[in-house]
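> Build me a structure from this.
(4 chains)
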Number of protein chains: 2
Amino acid sequence: MEHRGAQLKDSTIMKTAQKTIRKRKQSRRSATGSVTLQEVARLAGVSTITVSRALNDPEKVAAATLEKVTRAVAQTGYVPNLLAGGLASPRTRLIAAIVPAITSLMYAETMQYFSARLKETGYQVLLGESGFPVIREQSLIAAILSWRPDGMLLTGVTHSIDCRRMLLAANIPIVETWDLTPTPLDIVVGFSHERIGEAVADYLVGKGYRRIATVYADDPRAQVRERAMLSRLRSHGIDDVVTGKVPAPTDLRLGRVGLVHLLERGFRGGAVICSSDTAAHGVMIEAQTRGIRVPQDLAVLGFGDQSFAADTYPALSTVRIDRPRMGQLAADALLARISHEPVHDSVIDVGFQIVERGTT
Amino acid sequence: MEHRGAQLKDSTIMKTAQKTIRKRKQSRRSATGSVTLQEVARLAGVSTITVSRALNDPEKVAAATLEKVTRAVAQTGYVPNLLAGGLASPRTRLIAAIVPAITSLMYAETMQYFSARLKETGYQVLLGESGFPVIREQSLIAAILSWRPDGMLLTGVTHSIDCRRMLLAANIPIVETWDLTPTPLDIVVGFSHERIGEAVADYLVGKGYRRIATVYADDPRAQVRERAMLSRLRSHGIDDVVTGKVPAPTDLRLGRVGLVHLLERGFRGGAVICSSDTAAHGVMIEAQTRGIRVPQDLAVLGFGDQSFAADTYPALSTVRIDRPRMGQLAADALLARISHEPVHDSVIDVGFQIVERGTT
DNA sequence: TTGAAAGCGATACCAA
DNA sequence: TTGGTATCGCTTTCAA
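Down below sits the predicted model:
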């Protein structure tokens, strides 16, 4: 009996050992069917770690070895498994980004510049949409943190307590964008919506407008701009602003509807301020349809300075936000934090600029 | 000597064993600083695999156990590591998508519907931009395949030999979109650009237009539409079409410039066909600026039926593509393939529709 | 219904 | 410059 017991034990051990050896010796395709580092290593006649180095740190490998590895890689069509790499190392080469809606040109453009900058350095961007209104942010953040990104971009600076907790617990560099706050989670790259609201008010009053209306989206940042503007207008003695609210995200139709509502509520001429260029565009179309001349009868001011507006639409003044710069600075800030470079300023104001075209 | 050898061996084994035990017993924060399954398991007083099951297959776990696990998860703020999960299992819950440009509203909208559909089933979309013109597709595909996605969406049906090889080697479900082919890599969900070109030609001729011009983007699919249209127009006896080429992606400015060029080349009135609604929009703005009446003096036909055009812009006819449907069908097709459901048809034509508004 | 053990495919650390 | 070995955190397989 005892003998049998020992026999059994032995045979179990042997089986395991054999399995391991067989596995190592085979070096065939992995379970998933794709080529592994092992296979490349075997073909090149070196160890797996050497292949890894040849791929990630070519200068740390002898020229001859590099040559052999390169050939083996080409021959096998090896594609690294970044899941395994990310698991094994403290870097995943993944950056998460959360925007309200990718169909919003403003955010899409920012993402394009952000991604382009990161791609240069071998990072992949994982995109998440928080939607309007932002309700899913928490579960979205949890889902995206599951991929263990090396850094994260957020849109806006307002986050629920739970979100803040999760983000801080993740212990990764975070850059907030499209707004400004003296107390960022980590870094913030954006501009002040309050100052824009005030600047717009001053600008219009300076141009001599007294009869003013708004078409603003139901979006927290737009609301901040509107409130600041109304407040400043009041300090200029203007307190009969006709305000029109539309749901976010805005589109041409909402802009048109917005103007219709303003007219219904008795607004006649003056200036209309919109929360986006798209809405402003819609207002202009509706005005044109009704024979209201822009800018003679009605001035229109947008926000964003979209490419469709810049230098193309003849009669739309707007507030320019330098999106390429914001996207790139956000990427650079994250990269600096990731590589532990000193970050001089954790609050970066990219500013804004009122662009006057034909409408005001 | 033999004895010593045995001793040494033993002590080595013991050291390894001790290390392992220490590790197991500790169950502290992982190297990356985040909570692991181990920690949750220890707190819940169950094994790691039970926690895994409670999270992924709740119905395979006893109610009481589930309760304990749920509490432990909440208490620790556990966020699963999907890199580890994806590495360990044949599923990564990652789907790759490659589009020419995310700032192109057409593609952005398709992606939104595609992502939304996949998010419902717990998938994360990994987005890649191939750019205009498509040159980086191969390195992009390699980079994105490094994340071992469970499936992949491509825009268009034209891929280099090397790309096809890589894609087939990846051995994952693939859906090609925005075009049609009888020989898809796997599945194709799209529409025929040839048939659109022909339909547009027939439509215009049917409306009585003889003087025709084009503003088409330097984009392979747009070119197919244009060629098919020109060919069909020729068969209708129209062979003096004034063609204008602009770089992709189109924007309002390019539309305006496009019309300017047409006029410079002697085009006077008739109909202008554009490769996108955006370009068409630009043409209309330029026309308006020059006092050319649309549609009385000039008919304009776009492509895409963007939300900015649908029911909002009063005078733009267009070719409607059902993007929500295309995005969702693409997602459904991938999901079906991933779960090995029978796929009835690997070529899905979502069709198109010429929408007449005020311009033609 | 639950658990033990063996990987998944790469990188880090240390030694040679 | 190169390689051995031990992970990374999870799921799978198989056994209880």
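> how near is the closest residue to A:Pro249 other than its chain neighbours to A:Arg320?
Spatially, and ignoring its direct neighbours in sequence, A:Pro249 is nearest to A:Ser104 (5.0 Å; C-beta to C-beta, 6 or more residues apart in numbering or on different chains). All C-beta spots, glycine's among them, are computed from the backbone N, C-alpha and C. Per C-beta to C-beta, to the nearest Å, A:Ser104 is found 17 Å from A:Arg320.
> the more surrounded of those two?
For A:Ser104 and A:Arg320, the more surrounded residue by other C-beta atoms under 10 Å in any protein chain shown is A:Ser104, and the numbers stand at 25 against 17.
> Can you give me the distance of that one to A:Thr278?
For A:Ser104 relative to A:Thr278 (C-beta to C-beta), the value is 9 Å.
> Could you pull out the strands in chain A for me?
A:94-99, A:124-129, A:151-155, A:174-177, A:187-190, A:212-217, A:242-246, A:270-274, A:298-301, A:318-320, A:347-349, A:353-355 (DSSP state E).
> which residues are contacting stretch A:55-73?
Contact partners of stretch A:55-73, identified using C-beta atoms under 8 Å, 6 or more residues apart in numbering or on different chains, comprise A:Val40, A:Ala41, A:Leu43, A:Ala44, A:Gly45, A:Val46, A:Thr50, A:Val51, A:Arg53, A:Ala54, A:Tyr78, A:Pro80.
> Taking these together, which two end up most distant?
Distances among those were taken as C-beta to C-beta; the most separated pair is A:Gly45 and A:Pro80, at 19.6 Å.
> between these two, which one's more packed in?
Higher neighbour count among A:Gly45 and A:Pro80: A:Pro80, with 23 against 11, using other C-beta under 10 Å.
> Excluding chain neighbours, give the residue nearest to A:Ala108 in space.
Using C-beta to C-beta, 6+ apart, the closest residue to A:Ala108 is B:Thr103 (4.7 Å).
> ok, for whatever residue of the stretch 51-200 of chain A ends up closest to DNA strand C, nearest residue in space, not its chain neighbours?
Minimum separation of the stretch 51-200 of chain A from DNA strand C (C-beta to the nearest atom of the strand) falls at A:Ser52, amounting to 2.6 Å. With C-beta to C-beta, 6+ apart as the criterion, A:Ser52 has its nearest non-adjacent residue at 6.3 Å, and that residue is A:Leu37.
> So the one you found is in contact with A:Thr50, correct?
No - A:Leu37 is beyond contact range of A:Thr50, at 9.7 Å (criterion: C-beta atoms under 8 Å).
> how about the strands of chain A, which one is nearest chain B?
strand A:124-129 (5.4 Å; C-beta to the nearest C-beta).
> Give me the helices and strands touching the closest one, please.
With contacts taken as 3 or more C-beta pairs under 8 Å, 6 or more residues apart in numbering or on different chains; DSSP states H and E, strand A:124-129 sits against strand A:94-99, helix A:105-120, helix A:137-145, strand B:124-129.
> check contacts around A:Arg165.
B:Gly77.
> Give me the neighbour count for whichever residue of the stretch 151-300 of chain A sits closest to DNA strand D.
The stretch 151-300 of chain A approaches DNA strand D most closely through A:Asn171 (12.0 Å), counting by C-beta to the nearest atom of the strand. The burial count assigned to A:Asn171 is 10, neighbours taken as other C-beta under 10 Å.
> Thanks a lot, see you next time.
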